[in-house]
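Trainee: give me coordinates for this.
(chains A and B)
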Protein chains: 2
Amino acid sequence: MDKLLRIDLGRQMIKEENLPEAWQKYGGRALTAAVLRAEVNPKVDPLSPGNKLVLAAGLLAGSGVPCSGRLSIGAKSPLTGTIKESNVGGTAAQRLARLGYRGIIIEGKAENGPAVLVVKGDGAVLELRPQLAGLGNYQTAARLLAEYGPEAAVISIGPVGELALPVASVAVTNREGLPSRHAGRGGMGAVMGSKGLKAIVLVGKDGVSRPAAQPEQFTAAMRAWSEGLIKGKKALTRFGTAMLVNVINGIGGLPTRNYRQGRFELAEKLSGEELEARATARGGRTAHACHRGCVIRCSNIYHDEQGQYLTSALEYETLCLLGSNLGIGDIDAVARFDRLCDDLGMDTMETGAALGVAMEGGLLAFGDTAGVEELLKEVGAGTVRGRLLGQGAATVGKVLGVKRVPAVKGQSLSAYDPRALKGTGVTYATSPMGADHTAGNCLPGRGGLDTKQAAGQVDLSRQLQIISAACDALGVCIFVGPTPDNVDPLAQQLTYFNGNTWHERDLLELGKEVLAMELEFNRQAGFGPEDDDLPAFFREEVLPETGTVFDLPQSQLAEVFSDFFRPGGSG
Amino acid sequence: MDKLLRIDLGRQMIKEENLPEAWQKYGGRALTAAVLRAEVNPKVDPLSPGNKLVLAAGLLAGSGVPCSGRLSIGAKSPLTGTIKESNVGGTAAQRLARLGYRGIIIEGKAENGPAVLVVKGDGAVLELRPQLAGLGNYQTAARLLAEYGPEAAVISIGPVGELALPVASVAVTNREGLPSRHAGRGGMGAVMGSKGLKAIVLVGKDGVSRPAAQPEQFTAAMRAWSEGLIKGKKALTRFGTAMLVNVINGIGGLPTRNYRQGRFELAEKLSGEELEARATARGGRTAHACHRGCVIRCSNIYHDEQGQYLTSALEYETLCLLGSNLGIGDIDAVARFDRLCDDLGMDTMETGAALGVAMEGGLLAFGDTAGVEELLKEVGAGTVRGRLLGQGAATVGKVLGVKRVPAVKGQSLSAYDPRALKGTGVTYATSPMGADHTAGNCLPGRGGLDTKQAAGQVDLSRQLQIISAACDALGVCIFVGPTPDNVDPLAQQLTYFNGNTWHERDLLELGKEVLAMELEFNRQAGFGPEDDDLPAFFREEVLPETGTVFDLPQSQLAEVFSDFFRPGGSG
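Mentor: The predicted model follows:
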């Protein structure tokens, strides 16, 4: 039976606990939500020792099910003040599950940090590593892997996390041992940094899968589903998420110059096609898997002009928010920004949005590539300007007096203009996480809706948010598609894997339960349905390329989860 | 019957309304609370056109009752996110009442501001005055008084208000026509600035008092009370509020170097005695009344070394927060800071606290007088550093990563260390306004308690908060003492003035009603009893001079107004 590892950094105590009966059905985001609901005061200062950082593997972690390697990282967010879960690929979730742990709960604060937690097959130890203080993620991972073996998984923060700035991410190493996978959203790196924890090392090898309860049925179900994914996701495999640059630019929803436009004149230069051409010509690659068993392989390895490794998994959101959003159409420049962000440990989305607002506020000019690079370094160095940027878009907007701030509940939107993709706009406005596309991304084609129509988007967003929450509980990457057709195959595989019967409706109930726990946490933190809205400028300014504004009334947004707030209700 | 003046800046509409029957008993803070509760969405962005700025004269305004000239200014606060009322002396409240208005409600936003509202005996007009943009309060008042006559009352904002920075105050002219009286707290100047309103001119002369319903009894009651005040407040008259420097330093509660100490080695140089000596030697004065009919006359006129007017009403809180709190023991320097703050239009308390946090964060050194002067100017100029400081202490602390931030609900404490004055600490923690001493200041001697003892402070704070709220509704300056012995005399004078019978208990009920309205607004804005607490460092760090920490448990603080939250309850 899976265990919980509880670490009290203040007392330097490590405790192994049985997973409570009521939480047996929780993995990933369901477990982070349950722990936070049960153990954290929703009014706690997110950067105080009273907050907890929870890491959780999904229910399917280590099973061998394709794309089931997401690690959920949760805490009360210093960016939003809400509950937060940000999940990440790489090798950590599978390793954690194979070590026999469903999750790790980090409490308190290491007084003489930075501390490193090392988890092995036979237990865990806490170590103080002053020599790691201030190091970037790349050096941190390299040093720890040199010590614990190249197949260990490293979860770490960079200097921005040590500074506890709300843009800080948590890095996870990929199969090559590079800290290129990031739980970016909501400042989970800042929470980790506030606890004086620099890294977690999960020791062990990329081993065989955990045994299934019903191996034959499991293998058959897994194989069938796997084949469907391989066939259905060819563009994602070939171009990575960057395939979306042309798609979203095409429909006029590519955030450009802080949402002044929805189409970027240099979008082609940031496209998946451009990425594939440069990556392959320079010795990098697309079709790269961030963890074992992924059949979609949307990741990539991107080298610089000299053919030297530069960064990994140059993603759509990064290309947009650090590219078109800043008026920068140079993919190599964005790749350098991405590497800097990964190394310093900061969310490329929040950082890009904050830079867009800073440009709007006159701190630097749109298109100023050198200025961006300098300012990113300042975040890591902790200058006043850098610390300001490190607070994220909302605070930058507040301080600079910018009214056009693309953020909901303090978290920046990701790379989909809600005037062109209204369903994603509904998700931004209503997700318990603040603006977050991964909570329920209403991409073109989903639900059979025109993304620019208002009708039907509330229902679609709600449906995708429930399925996404279920996927996050399973640890399944949403790139399989958080869509109704995937629910039954996932329920089947889970049934055959763990031996308990899961039906489609059970998984949907799990998704609703996750949302209900999160919404209740937020309610106690001071948030209600009236906070579910987009910034006014999306209602007031017409997006030139589509001629649309975001026109779903707040009353409809407030209704998305209203039944979760009724006594006994959970949707 | 008193009227309400409603100004829609967006539509440039001016409307005169009858005061609704239910609001007849509301003046000052009671009226601002009632209007905000009835008309403003508690979740509104405080700097958006949906917020309203409410100015209200007290029930006794213009009556001739001593010290009844406070003007309440209310809105949802951009500093705290709570409801806010900040009241101010000077000539505006009496003038407003004599013009026949109980209050002014400012809505919307002037698109081509800055606008000026001119209120005369025969109505009001809105004017656009681009030539006033960016001017300090001193020039603004001088130009408007030149135009409308030296006896007009001017309510204005400086450049910091125009920048809509949350430290921005609203200035009111004194009897000499100088904009030296400030509604400092909670960023009311930012709300005014966000509406594109630069100033309000109340035209007219410092006329006779409004007639009382029962003149003979009124005059007798007023005279008796007046004589008591004159006798009882001699030190306040002679030294101004600066008399508190030695008192609070003496008990070890004078915030010094961002609350590292409670006694300042140079306190003598900031004292009331020093102030009186310098003011009188240079041609200034103490015993100055900020409005007609004040018998306490705690204000002062402070000249520089050359004998030129420098500033007026150099107050205790300013001397402490821009003096001892910054390690600066030079009263002339603090007077220059005060003038700069008054002219730029910023709260000396929030500004001083923010500077203390900035010093703690290394932005400048404690004692750096030139650095402070430079940074104050930067706030007015809107540089990045200036704009950051202009957000107030909490945001400065957040951005600079400072943990010792003396603020509650985003508003800085005023000049009483809550470890040495625990009752005032209770008020800081629980007032609906964020940390605010004027909401219920448990000074030495009040309630017969040792300020350092914990027992009894919850009850004392609650009692003084209720009486203070009643005083604020009457428009009576709390320097008369928000103490039980003053309630009956005030009820009597109000009875004889307006002809309705008010008993002591009615005034106390009014105070409770004010608090209940404010707490309900805050509840809907997302605040609850669990938010009523002081920063952790006051519980963790012993104040060296007293050997005490703030030790009232949060559960007790949460109880202060708990009965207001029960159905039907209002204390």
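Trainee: can you give me the neighbour number for the closest residue to chain B within chain A?
Mentor: Chain B sits closest to residue A:526 of chain A, with a gap of 3.1 Å, by Cβ to the nearest Cβ. All C-beta atoms are positioned from the backbone trio N, CA, C, and that covers glycine. Neighbour count for residue A:526, taken as other Cβ atoms under 10 Å in any protein chain shown: 20.
Trainee: and for residue A:80?
Mentor: 28.
Trainee: mind listing what's buried in stretch A:486-505?
Mentor: A:486-487, A:489-498, A:502 (16 or more other Cβ atoms under 10 Å in any protein chain shown).
Trainee: among those residues, name the ones in helices.
Mentor: If you go by DSSP state H, these have A:486-487, A:489-498 in helices.
Trainee: show me the longest helix that occurs in chain A.
Mentor: In chain A, ranked by residue count with DSSP H as the criterion, the top helix is helix A:504-525.
Trainee: now do the helix or strand that that one is followed by: which elements does it pack against?
Mentor: Toward the C-terminal end, the helix or strand that comes next after helix A:504-525 (DSSP states H and E) is helix A:537-540. The helices and strands touching helix A:537-540, judged by 3 or more Cβ pairs under 8 Å, 6 or more residues apart in numbering or on different chains; DSSP states H and E, number zero.
Trainee: output helix A:537-540 in CSV with nothing but the alpha carbons.
Mentor: C-alpha atoms of helix A:537-540 as CSV (Å, rounded to 0.1, in the frame of the first residue of the first chain):
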residue,chain,number,x,y,z
PHE,A,537,-10.4,45.2,-20.9
PHE,A,538,-11.4,41.9,-22.5
ARG,A,539,-15.0,43.0,-22.4
GLU,A,540,-14.2,46.6,-23.5
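Trainee: show residues contacting that helix.
Mentor: A:259, A:403-404, A:406, A:417-419, A:425, A:549-551 (Cβ atoms under 8 Å, 6 or more residues apart in numbering or on different chains).
Trainee: how close does residue A:323 get to residue A:257?
Mentor: Distance, residue A:323 to residue A:257, by Cβ to Cβ, to the nearest Å: 11 Å.
Trainee: which one of those two is surrounded by more residues?
Mentor: Shown here are residue A:323 and residue A:257; by other Cβ under 10 Å, residue A:323 has more neighbours (32 against 17).
Trainee: right, and the more buried one touches residue A:336 too?
Mentor: No - judged on Cβ atoms under 8 Å, residue A:323 makes no contact with residue A:336 at a distance of 11.6 Å.
Trainee: if we can go back for a sec, most neighbours among the contacts of helix A:537-540, which one is it?
Mentor: So for the contacts of helix A:537-540 (other Cβ under 10 Å), the most neighbours sit at residue A:418, 32 neighbours.
Trainee: residue contacts, it?
Mentor: Going by Cβ under 8 Å, 6+ apart, residue A:418 touches A:424-425, A:428-429, A:534, A:538, A:550.
Trainee: most neighbours among those, which one?
Mentor: Within the contacts of residue A:418, most neighbours by other Cβ under 10 Å means residue A:428, with 35 neighbours.
Trainee: sec struct for that one, please.
Mentor: helix (DSSP: H, G, I helix; E, B strand; the rest coil).
Trainee: apart from its neighbours in sequence, what residue is nearest it?
Mentor: residue A:435 (3.9 Å; Cβ to Cβ, 6 or more residues apart in numbering or on different chains).
Trainee: per-residue pLDDT, residue A:565?
Mentor: Turning to residue A:565, the model gives it a pLDDT of 59.
Trainee: quick one: the helices in the stretch 1-150 of chain A?
Mentor: Assigned by DSSP state H, counting those that start in this stretch, the helices in the stretch 1-150 of chain A fall at A:28-39, A:92-98, A:137-148.
Trainee: tell me which other helices or strands the shortest one touches.
Mentor: Using 3+ Cβ pairs under 8 Å, 6+ apart as the contact criterion, the neighbours of helix A:92-98 among helices and strands are strand A:53-57, strand A:71-76, strand A:101-107, strand A:153-156, strand A:197-202.
Trainee: would a markdown table of these with mean pLDDT and mean neighbour count be doable?
Mentor: Shown next, in a markdown table, are these (pLDDT from 0 to 100; neighbours: other Cβ atoms under 10 Å in any protein chain shown):
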| stretch | mean pLDDT | mean neighbour count |
| --- | --- | --- |
| strand A:53-57 | 98 | 30 |
| strand A:71-76 | 98 | 30 |
| strand A:101-107 | 98 | 24 |
| strand A:153-156 | 98 | 30 |
| strand A:197-202 | 98 | 28 |
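Trainee: save those as CSV, and put in distance to residue B:235 too.
Mentor: What follows is the helices and strands packed on helix A:92-98, written out as CSV (distance: least, Cβ to Cβ, whole Å):
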stretch, distance to residue B:235
strand A:53-57, 54
strand A:71-76, 49
strand A:101-107, 52
strand A:153-156, 61
strand A:197-202, 55
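Trainee: before we move on, back to that, quick one: least confident of the contacts of helix A:537-540?
Mentor: Across the contacts of helix A:537-540, the bottom pLDDT score, 93, is held by residue A:403.
Trainee: farthest pair in the buried residues of stretch A:486-505?
Mentor: Spatially, the most separated pair among the buried residues of stretch A:486-505 is A:486 and A:498, at 18.1 Å (Cβ to Cβ).
Trainee: quick revisit: residues contacting the longest helix of chain A, please?
Mentor: So helix A:504-525 is contacted by A:25, A:29-30, A:33-34, A:36-37, A:40, A:42-43, A:76, A:81-83, A:85, A:432-433, A:465-470, A:472-474, A:487-488, A:490-491, A:494, A:561, A:564-565, A:570-571, B:526 (Cβ under 8 Å, 6+ apart).
Trainee: does stretch A:357-369 come close to chain B?
Mentor: Yes - legend: contact between stretch A:357-369 and chain B by Cβ under 8 Å from any Cβ of the partner chain is shown at residue A:363.
Trainee: what residue in chain A is the furthest from its centre?
Mentor: The C-alpha centroid of chain A is most remote from residue A:216, which lies 33.4 Å away (Cα atoms, centre = their mean).
Trainee: quick check, that residue in a helix?
Mentor: Yes - Residue A:216: assigned to a helix according to three-state DSSP.
Trainee: so what's it scoring on pLDDT?
Mentor: Predicted confidence (pLDDT) at residue A:216: the value is 97.
Trainee: likewise for residue A:497?
Mentor: So, for residue A:497, pLDDT stands at 97.
Trainee: list the contacts of it.
Mentor: A:60, A:63, A:65, A:212-214, A:218.
Trainee: neighbour count for these - can I get that in a markdown table?
Mentor: Output for the contacts of residue A:497, formatted as a markdown table (neighbours: other Cβ atoms under 10 Å in any protein chain shown):
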| residue | neighbour count |
| --- | --- |
| A:60 | 30 |
| A:63 | 26 |
| A:65 | 29 |
| A:212 | 21 |
| A:213 | 12 |
| A:214 | 14 |
| A:218 | 24 |
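Trainee: before we move on, the earlier item: show me the contacts for the residue nearest to the residue of chain A closest to chain B when sequence neighbours are not counted.
Mentor: Nearest residue to residue A:526, sequence neighbours excluded (Cβ to Cβ, 6+ apart): residue B:526, at 3.1 Å. Counting by Cβ under 8 Å, 6+ apart, residue B:526 touches A:525-528, A:531, B:42-43, B:81.
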